[in-house]
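Trainee: Model the structure of this input:
(one chain, ligands or ions: 1)
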Amino acid sequence: MVCLGNICRSPLAQGILEDKINKKDLSFIEVDSAGTSSNHVSEHPDRRSIEVAQQNHIDISKQKARQIQIDDLREFNHILVMDQSNYKNVLQLCTDQQQKEKVSLICSYLKTETPTEVPDPYFGQKDGFKHVFDLLNKALDEFIAKELL
Ligand code: 4NP
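Mentor: Residues are numbered from 1 along each chain as shown. Alright, predicted model coming up:
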């Protein structure tokens, strides 16, 4: 799960996916998140992401931000990014075509065609985080059904 800072969207995506796979006895699957930037490395998630997760009985408070590494592209089977900018930045880190094929916009799993990106909620209000949660929740259900079952 990859966004820019690894403090708002991708920690939520990680927490939601971990919660879903634990409930489906798929907890052997490793889930992690990272940011394309190093600006927030070692920080805990934004308190607004922690709050919206908590309201949905998911604890993401212990996560710590990290920057995506070249090894991640080798080690993980699926790299889900939040927006076009993340997509471009992650593709630039790929060393071969096989790695590029692992990278998808998380919204590409939504059944509806829109939206195509998970909007960056950092400079917005609290309701933006609820919108991000709902989008991720839907997209990750579809991701599990298509790729993990
Ligand atoms: P994220 O959100 O990429 O979903 O973690 C952001 C967090 C921080 C900043 C931008 C987006 N920032 O500009 O510091």
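Trainee: Now the lengthiest helix in the chain: buried residues?
Mentor: Counting residues, the longest helix in the chain under DSSP state H turns out to be helix 126-143. Buried positions in helix 126-143, judged by neighbour count with 16 or more other CB atoms under 10 Å: 128-130, 132-133, 135-141, 143. Yep, even glycine has a C-beta here, placed from its N, CA and C like the rest.
Trainee: ok, so of these, who is nearest residue 33?
Mentor: Taking CB to CB as the measure, residue 136 is the one of those closest to residue 33, at 11.2 Å.
Trainee: my read: the closest one touches residue 10, true?
Mentor: No. In this structure, residue 136 sits apart from residue 10 without contact. The criterion is CB atoms under 8 Å, and the distance is 9.3 Å.
Trainee: Give me the distance from the longest helix of the chain to the chain's centre.
Mentor: If you compare the mean C-alpha spot of helix 126-143 with that of the full chain, they lie 10 Å apart, counting by CA atoms, centre = their mean, to the nearest Å.
Trainee: And for stretch 113-122?
Mentor: Averaging C-alpha positions (CA atoms, centre = their mean) puts stretch 113-122 12 Å from its chain's average.
Trainee: hmm, who's touching it?
Mentor: Under the contact criterion CB atoms under 8 Å, 6 or more residues apart in numbering, stretch 113-122 has outside partners 3-5, 7-9, 46, 48, 82-84, 105-108, 128-129, 131-132, 135-136, 139.
Trainee: measure it end to end?
Mentor: Looking at stretch 113-122, the gap from its leading to its trailing residue is 24 Å under the measure CA to CA, to the nearest Å.
Trainee: Alright, calling it a day.
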